[in-house]
Structures are given as C-alpha cells and as structure tokens.
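[1] When you get a sec, could you give me coordinates for this:
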Amino acid sequence: MGNHRTTAALMRMCRLHRFGDDRLFIVPLDHSVADGPILPGDQLDPLIGTLADNGVDAVVLHKGRVPFVDPRRFADIGLIVHLSASTMHAPDPDAKYLVASVETAVRLAADAVSVHVNLGSDDESTQIADLSAVADACATWRVPLLAMMYPRGPRITDPRDPVLLAHAASLATDLGADIVKLPWAHNAAEMKDVVRQSAIPVITAGGPVERDLSGILSQVSHMLDGGTAGVAMGRNVFQAADPGKVARRVAELVHPTLGFDAEFSAGPALLAPS
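    Residues are numbered from 1 along each chain as shown. I've put the predicted structure just below:
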C-alpha cells in the first residue's frame, strides 16, 4: 500500500477494507463544511450505526464531528478523517486548504485520511503541495491516504475526460496516495483504461443525485463495470428515505461475493429527500 507497508499501516488498511476483498464502499459525510448542515445534530450517530449494519466499509468525517459518534460504532465501520475544506461562499469555489493534520487524525483513531485536489484550478499549486505534505506525514504516522482528485477549474472543459482522469490518478500516485477517488469517465471502456493506467486502486465519486433506488443501483453498476475498486457515495445514501436499504443494496453490488443476508438491518428514515 503505497509507501507505508508497515504493520501499523497494514492494520489500518485492513480495518478500512472491513470485508477483506479489496473493494471499498465509502459514504462521505463531510459535506456540511462546504454546504451547511446535512443532518439534524442528533442523527449522525444513528446514521453511522445504520451504515455499519448495512455493509458500508467506511465513512468520511471532519475532525470535529468524530466526537459526536459513539466510538463503538467504529468497531464495525472504518473512519476516514478529511483534512481539506472550503465553503460554497468562497470567492474561489475550487480552492481547498488544510484544516486538520494527520497527527490529529491519529489521535482520533482514524483508519485513513483524505485530501481533496482540484486539478486545473487557480489554486492548484497550493493543493498539490498540501497533498504532498500530507503524504509525507502519512508515511511518518503510517496512515493510508485517500486522494480525492477532480479535474475542476477555469481551464477544464471536460471534467470526465479520461486523459485528465488518468493524469489525476498518476499525480495522486506520484505524490504518495494509496487510493484515488475520481469522477466517472464517459463510459465503462474509458474508465477501464483509466483504471488500467493507475498504479493504485481507483474508486469513483457517487455521481448525480438519484431519487429512485433503481437509478442509484444502475449508476453503481456502471461504475463497477469500469473496473474500479468501489464507490464513494454520499447524498444518494444519507439523503435517502431509508439510508440502510440503499446502503445494503449498494454494498451487495460492491461486495458481490460476500453473500449478505437477504434481510438488511433497516434503520430509521433519518433524512427525507429534499
């Protein structure tokens, strides 16, 4: 796994891949920094319990949200602490900056950290430098690094261009990431070529919001047809009327060989679709 093949790092990576099949289903819950509240304040803990019960490998949280979750939840689901931030109100919406350190994530018992880079943005140089610095810290602290790489900026005309996606994956690899999250290309054949060129596992961003479960599952199936190692899907899960049901069905696609029980552990309707 990248440059961090030590016992501590491998232990964290094994906890991240909770089912042991090298596939990942991640639910990002870091949107509130950029967009404002995504859940009522008392609903994060039960939501993560529901996700853990229904096959999600890991969640992404900012450092200040972790203490609001019962630590026992993380016996059954991985924790990725997101180190990047910006808000929708910023003069440059593509700028990202670090708001937490790898050391802080280690104190929170994180299994991994994540960093966001917008390739082609006006602020690209800062974001690439931050990714490199975090990778160095991850090597010191033996923590896996997920690089969230998006071709996004004033000179980017097609953010799903497979050439750009391959470049983003290569950049993540060269700077020391262990896993790279990318947007979906135009089709499965293009995505397969991106995955083939990447030296580290590729997972895909969750795509546009779908209100219909069949649409969500179709979207995930297409992503996996591209040869990716999994998906990172946020709003389509946590904004669903029944997040547990959606999570279980997506998990069945990401982990098809695990033989999940037919009955899923349905959680409460935590956040109705807007």
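
[2] for stretch 198-212, which positions count as buried?
    198, 200, 201, 202, 203, 204, 205, 206, 207, 210 (16 or more other CB atoms under 10 Å). The way it works is simple: take the backbone N, C-alpha and C, and place the C-beta from them, glycine included.

[3] I'd like these laid out as JSON lines, including secondary structure and distance to residue 178.
    Supplementary listing: the buried residues of stretch 198-212 in JSON lines, determined by DSSP: H, G, I helix; E, B strand; the rest coil; distance: CB to CB, whole Å:
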{"residue": "198", "secondary structure": "coil", "distance to residue 178": "12"}
{"residue": "200", "secondary structure": "coil", "distance to residue 178": "6"}
{"residue": "201", "secondary structure": "coil", "distance to residue 178": "8"}
{"residue": "202", "secondary structure": "strand", "distance to residue 178": "12"}
{"residue": "203", "secondary structure": "strand", "distance to residue 178": "11"}
{"residue": "204", "secondary structure": "strand", "distance to residue 178": "16"}
{"residue": "205", "secondary structure": "strand", "distance to residue 178": "17"}
{"residue": "206", "secondary structure": "coil", "distance to residue 178": "20"}
{"residue": "207", "secondary structure": "coil", "distance to residue 178": "23"}
{"residue": "210", "secondary structure": "coil", "distance to residue 178": "29"}
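
[4] May I ask which two of those are separated the most?
    200 and 210 (28.0 Å; CB to CB).

[5] any idea how far the spatially most central residue of the chain lies from residue 217?
    When the chain is reduced to its mean C-alpha position, the nearest residue by CA atoms, centre = their mean turns out to be residue 232, at 4.3 Å. Using CB to CB, to the nearest Å, residue 232 is found at 16 Å from residue 217.

[6] How about residue 239?
    16 Å.

[7] Could you do residue 46 as well?
    24 Å.

[8] and if you look at residue 36?
    Distance from residue 36 to residue 217, by CB to CB: 29 Å.

[9] for residue 235, same thing?
    In terms of CB to CB, residue 235 sits 15 Å off from residue 217.

[10] So between those two, which is more surrounded?
    Neighbour count, other CB atoms under 10 Å: between residue 235 and residue 217, residue 235 has more, with 20 against 17.

[11] show me what contacts the more buried one?
    Contacts of residue 235 were listed using CB atoms under 8 Å, 6 or more residues apart in numbering, and they are 31, 206, 209.

[12] which residues in this structure form helices?
    Remark: helices assigned in the chain by DSSP state H are 7-16, 31-35, 44-53, 102-107, 124-141, 162-174, 188-197, 213-225, 235-238, 243-254.

[13] So what's the gap between the third one and the chain middle?
    Shown here is helix 44-53, whose average C-alpha point lies 16 Å from the average C-alpha point of the whole chain (CA atoms, centre = their mean, to the nearest Å).

[14] Send me it as PDB with only the CA atoms.
    Output in PDB follows, covering the C-alpha atoms of helix 44-53 (Å, rounded to 0.1, in the frame of the first residue of the first chain):
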ATOM      1  CA  LEU A  44     -25.200  11.500  12.800                       C
ATOM      2  CA  ASP A  45     -24.500   8.700  15.400                       C
ATOM      3  CA  PRO A  46     -27.600   6.600  14.500                       C
ATOM      4  CA  LEU A  47     -26.900   7.100  10.800                       C
ATOM      5  CA  ILE A  48     -23.400   5.700  11.100                       C
ATOM      6  CA  GLY A  49     -24.800   2.800  13.100                       C
ATOM      7  CA  THR A  50     -27.200   2.100  10.200                       C
ATOM      8  CA  LEU A  51     -24.400   2.300   7.600                       C
ATOM      9  CA  ALA A  52     -22.200   0.000   9.600                       C
ATOM     10  CA  ASP A  53     -25.100  -2.600   9.900                       C
END
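
[15] tell me which strands and helices that helix is in contact with?
    Secondary-structure packing of helix 44-53 (3 or more CB pairs under 8 Å, 6 or more residues apart in numbering; DSSP states H and E): helix 243-254.

[16] what's the angle between the helix it packs on and helix 44-53?
    On the basis of axes from the mean of the first three to the mean of the last three CA atoms, to 10 degrees, helix 243-254 is oriented at 30 degrees to helix 44-53.
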